[in-house]
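Model the following, please.
(chains A and B)
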Amino acid sequence: MPDVYNWQLNRAMAYEYEDSRPTRQVSAVFDINKCIACQTCTMACKTTWTSGKGQEYMFWNSVETKPWGSYPLGWDVKNLEMLGPAAWDYATDPPTYRGKTLFEKTPDGERVAGYLPDELDYAHPNHGEDETSGNIEDTPYYLSLPHAIWTFYLARICMHCTYPACLAACPRKAIYKRKEDGIVLIDQERCRGYRECVRACPYKRTFYNHVTRVSEKCIFCYPAVEQGIWPRCMRNCIGKIRIVGYVHPPALSDPRNPIDFLVHEKKLALPLYPQYGLEPNIYYIPPIHVDSTFNRQMFGPKAAQAVQMYGRIRAGLEPELQAVLLLCVSTDKILGRFDLQGDEAVGYDMSGVEVVRVPLQEPAVVREPYDDQLRVYRHNIT
Amino acid sequence: MDLTRRNLAAVLLFAAIALTALQGLGLAPGVAGAGTEIVAKHVVGAIPVADPSSGMWREATPLEVPLSGQMTVEPMKMDPSTPSLEIRALYNATHIAFRVDWQDETKDNRTINVTDFRDALAIQMAPPTPLPNVCMGSAGARLHIMQWKADWQADIEEGFKDLQDAFPNFWSDWYPYAMGEPPYTVPDDFAGNASLYLVGYTVGNPFSQPLKVTSVEDAVAEGFFTITTQVSQDAIGRGVWAGRNWSVVVARPLVSSDSADVRVAHGNVMAFAVWDGASGDVGARKSVSTWVTLSLGPGAHSPDVVALAGGTAAVLATAGVIAIIVLRRRGKAGRKPGAPGGP
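Residues are numbered from 1 along each chain as shown, chains lettered A, B, ... in the order given. From the prediction side, this is the model:
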């Protein structure tokens, strides 16, 4: 197997093919702290792409309640068990992953360490919904801060990985990563339904279609992306937790690119399970109220610093971060550049044209709660 | 003449030589034996392609071919699911057919669930030179592959195995643009825009076609990952699973106008692969044979009956002479004093 460089691990690793990064790589940042698990993203995707016969329990986008929820059942813990204990070397900056990836843990005769979910693993897309990490009432933590009992919602789509396990595993070469934007697709004419991709993808984002008997996956709404428009799940997010753009490797980071700024410059957005070794391209702003060990296991060694950085925004210490987070939820155009002009954030599309401008703080009038003239209390004072 | 041990040995020797000669000429059926040559027996009239249990198949000499796991390319199969195959071949004026038998504890002919894998058999054929890589051929050395699939046959014989066959209690009251009533029938209720949601079907992927015309996929390959379904589907076949045993017939035309087909010829090389669905066999996870040679027994390719009779007589006479010589030599040896077995 050739060696490729995975910046999320800060080291080279084994992969099926030579390094071949796309010209640019689509990416997204999900702010977990804003997700309310309304599943609007899930339904936006479902009604667009997977409402055919044979796709009933196929969700290219799903939102699961952590720590218990998972779709398909137990996908994450099964992978973690396969990998075994993982160690990060904090003597280097950034920390270096010293454990083995799924490509390096491969059993003899296989391409990737993986497992094929059972049919019933797909039967409960929202298993564990709204279940917390423990019973609240009987604990001393009830209504206390910080929360010892916690839960959060993890929205997931295909990671359009730099080193996709699905692509590596397909003996048919029916899966390809587009050079122009890094979107990973399954060729529906070439696929012969072997399900090697379903077995290999640790995030379990390739699915077997019961009726067409071949595998399918998230296409990052490439027809929209080719027009500079966000994918459906991102546009329809009512919590506005999602930001779409293009990400570079850290050495080529553009500080004015919104995604690079969040991922590389401020290190606020982190990959999901980087230790798998796929260099996933969907990034998460980790939940701030969750046990730090759990966060570290899920988002890697920088999770605690990211939580700290998120706190600095609230304290007003990171106006540029605030600008990016505001801008990117005020448009459905893919932004290539942002700027902070006075107290206004400005966003430019991929060809440099200004497409959005928002104030850091919306002008608001605050009225007295009590109306002396009418002798009533006001319900809405802003 | 008393039937002494010596005489008996001579008679058996003669019979063996004569039988071998006749089998070699395709004039007598054989018994299963390990070897590297499949002798196709010529028959007049129709080959029982749809009936693997037809008595006609017993006329063909069976060849037992051992299988090993596919260990060349990942994902591999370390141990074969099936230890060996028994292969027979018949041909007539227009077609050649192979009957392949192997043990299989379960009949796996559904691929609806994510964990469903099919039983299948593949036969590959190529000219002997340049000898292609036995695994899927190589660039410039094309293989003709015919793969019989148990689920394709079930779709043809029992009707397309739809979602409701795996999930009888499922209910979906609506699919975009679908016409009809739940549970909605594929493909009848999914015309026009509704078919856009059955992507593999719409783009013409042969694996996604609910209405199949053959259980045997006619394909070509020029190396790993290159297997391609041919535009012209010329192969047919049928399998019967009984007594924990698959008996599958695959047939194709002797001469095809399809340029993607390898021409059937005496001396062609052939290899076989079997998938056991219950063992999770799929794609490269299969049990495979090495190359064996196809031999076309006399018939259509040597229609001169006089020459055939002459050849047969010559072979039998030669066998007889050899037998007499051996008999006499053994007789002399037997008359030596003290020789074991002497009178």
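
what ranges do the helices span in the chain?
No chain was given, so I picked chain A. In chain A, the helices defined using DSSP state H lie at A:40-49, A:75-83, A:165-169, A:196-200, A:222-225, A:232-235, A:258-260, A:292-299, A:303-314, A:319-327.

if you could check chain B rather than the one you did, that'd help
Using DSSP H, helices in chain B cover B:5-24, B:150-158, B:163-166, B:199-202, B:305-335.

Adding distance to residue B:166, write the helices of chain A out as TSV.
In short, each C-beta sits where N, CA and C put it, glycine included. Converted to TSV, the helices of chain A look like this (distance: least, C-beta to C-beta, whole Å):
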stretch	distance to residue B:166
helix A:40-49	21
helix A:75-83	22
helix A:165-169	24
helix A:196-200	17
helix A:222-225	31
helix A:232-235	29
helix A:258-260	42
helix A:292-299	34
helix A:303-314	42
helix A:319-327	46
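
need those helices in JSON lines with distance to residue B:275 and mean neighbour count, can you?
Output for the helices of chain A, formatted as JSON lines (distance: least, C-beta to C-beta, whole Å; neighbours: other C-beta atoms under 10 Å in any protein chain shown):
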{"stretch": "helix A:40-49", "distance to residue B:275": "31", "mean neighbour count": "20"}
{"stretch": "helix A:75-83", "distance to residue B:275": "26", "mean neighbour count": "17"}
{"stretch": "helix A:165-169", "distance to residue B:275": "18", "mean neighbour count": "27"}
{"stretch": "helix A:196-200", "distance to residue B:275": "14", "mean neighbour count": "28"}
{"stretch": "helix A:222-225", "distance to residue B:275": "34", "mean neighbour count": "16"}
{"stretch": "helix A:232-235", "distance to residue B:275": "37", "mean neighbour count": "23"}
{"stretch": "helix A:258-260", "distance to residue B:275": "44", "mean neighbour count": "25"}
{"stretch": "helix A:292-299", "distance to residue B:275": "38", "mean neighbour count": "18"}
{"stretch": "helix A:303-314", "distance to residue B:275": "45", "mean neighbour count": "16"}
{"stretch": "helix A:319-327", "distance to residue B:275": "52", "mean neighbour count": "21"}
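
Select, out of these, the one closest to residue B:116.
helix A:196-200 (12.3 Å; C-beta to C-beta).

how much distance is there from the closest one to the middle of the chain?
Put simply, helix A:196-200 sits 20 Å off its chain's centre (C-alpha atoms, centre = their mean, to the nearest Å).

Could you export that helix as PDB, CA atoms only?
Extracted C-alpha coordinates of helix A:196-200, given in PDB (Å, rounded to 0.1, in the frame of the first residue of the first chain):
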ATOM      1  CA  GLU A 196     -17.700  -3.800  -0.200                       C
ATOM      2  CA  CYS A 197     -18.300   0.000   0.300                       C
ATOM      3  CA  VAL A 198     -21.100  -0.600   2.800                       C
ATOM      4  CA  ARG A 199     -18.700  -2.900   4.700                       C
ATOM      5  CA  ALA A 200     -15.800  -0.500   4.500                       C
END
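
which stretches of the chain aren't confidently modelled?
Here I'm looking at chain A. A:135-148 (pLDDT under 70).

um, chain B though
The model of chain B has pLDDT under 70 over residues B:1-34, B:300-343.

In the stretch 251-382 of chain A, what residue comes closest to chain B?
residue A:277 (16.9 Å; C-beta to the nearest C-beta).

Contact residues of the stretch 101-250 of chain A facing chain B?
Neighbours of chain B within the stretch 101-250 of chain A, by C-beta under 8 Å from any C-beta of the partner chain: A:108-111, A:116-119, A:122, A:169, A:171-173, A:188-189, A:191-196, A:198, A:208-214, A:216.

Only whichever of those residues are buried, select them in ChimeraX.
In ChimeraX syntax, the buried subset of those is picked out as below (16 or more other C-beta atoms under 10 Å in any protein chain shown):
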select /A:109,110,111,116,117,119,122,169,171,172,188,189,191,192,193,194,195,196,198,208,209,210,211,212,213,214,216
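
Quick check: closest non-adjacent residue to the residue of the stretch 251-382 of chain A closest to chain B.
Once flanking residues are discounted, residue A:277 sits nearest to residue A:101: 2.5 Å by C-beta to C-beta, 6 or more residues apart in numbering or on different chains.

residue contacts, the one you found?
For residue A:101, the contact set (C-beta atoms under 8 Å, 6 or more residues apart in numbering or on different chains) comprises A:6, A:9, A:13, A:14, A:83, A:275, A:276, A:277, A:278.

ok, it to residue A:281 distance?
Distance, residue A:101 to residue A:281, by C-beta to C-beta, to the nearest Å: 16 Å.

Also residue B:281?
Distance from residue B:281 to residue A:281, by C-beta to C-beta: 34 Å.

now swap in residue A:186 and tell me
Distance from residue A:186 to residue A:281, by C-beta to C-beta: 17 Å.

Residue B:189 against residue B:176, yeah?
No: using C-beta atoms under 8 Å, residue B:189 is not in contact with residue B:176; the gap is 11.6 Å.

Between the two, tell me which one has more neighbours.
The residue with more neighbours, out of residue B:189 and residue B:176, is residue B:189; 18 against 14, by other C-beta atoms under 10 Å in any protein chain shown.

From chain A, how far out is the more buried one?
Distance of residue B:189 to chain A, given as C-beta to the nearest C-beta, to the nearest Å: 9 Å.

Check residue B:132 too.
Distance from residue B:132 to chain A, by C-beta to the nearest C-beta: 18 Å.

picking that back up, filter the residues of the stretch 101-250 of chain A next to chain B down to just the ones in strands.
Among these, the members falling in strands (DSSP state E) are A:208, A:216.

what number of residues lie near residue B:98?
So residue B:98, with other C-beta under 10 Å, has 27 neighbours.

Check residue B:39 too.
21.

Kindly check the end-to-end length of stretch B:88-105 for me.
Terminal residues of stretch B:88-105 lie 22 Å apart, using C-alpha to C-alpha, to the nearest Å.

OK, contacts around residue B:199?
Per C-beta under 8 Å, 6+ apart, neighbours of residue B:199: A:52, A:188, A:209, A:212, A:216, B:208.

Kindly apply the preceding question to residue B:219 instead.
By C-beta under 8 Å, 6+ apart, residue B:219 lies in contact with B:144, B:145, B:146, B:147, B:227, B:228, B:229, B:230.

is it true that residue A:72 touches residue A:206?
No: between residue A:72 and residue A:206 there is no contact under C-beta under 8 Å: 11.2 Å.

Looking at these two, which is more packed in?
The residue with more neighbours, out of residue A:72 and residue A:206, is residue A:206; 29 against 23, by other C-beta under 10 Å.

next one: stretch A:91-111 to chain centre, how far?
A distance of 21 Å separates the centroid of the chain from that of stretch A:91-111, by C-alpha atoms, centre = their mean.

Could you work out the end-to-end span of that stretch for me?
Terminal-residue distance, stretch A:91-111 (C-alpha to C-alpha): 31 Å.

Distance of residue A:245 relative to chain B?
28 Å.

Give me the nearest residue to that residue, chain neighbours excluded.
residue A:259 is the one closest to residue A:245 (C-beta to C-beta, 6+ apart), at 3.9 Å.

ok, now which ones touch that neighbour?
A:27, A:28, A:29, A:243, A:245, A:246, A:247, A:269, A:283.

check contacts around whichever residue of the stretch 51-200 of chain B sits closest to chain A.
Across the stretch 51-200 of chain B, no residue is closer to chain A than residue B:197, which sits at 2.8 Å (C-beta to the nearest C-beta). Applying C-beta under 8 Å, 6+ apart, we find residue B:197 in contact with A:51, A:52, A:53, A:55, B:175, B:176, B:177, B:190.

Among the residues you listed, name the buried ones.
Counted by 16+ other C-beta under 10 Å, the contacts of residue B:197 give A:51, A:52, A:53, A:55, B:175, B:177, B:190 as buried.

Quickly check those for the two that are furthest apart.
Of all pairs in the buried ones among the contacts of residue B:197, the most separated under C-beta to C-beta is A:55 and B:177 at 14.4 Å.

ok, residue A:157 - how many residues close by?
Neighbour count for residue A:157, taken as other C-beta under 10 Å: 25.

To clarify, my last question referred to residue B:257.
Using other C-beta under 10 Å: residue B:257 sits among 8 other residues.
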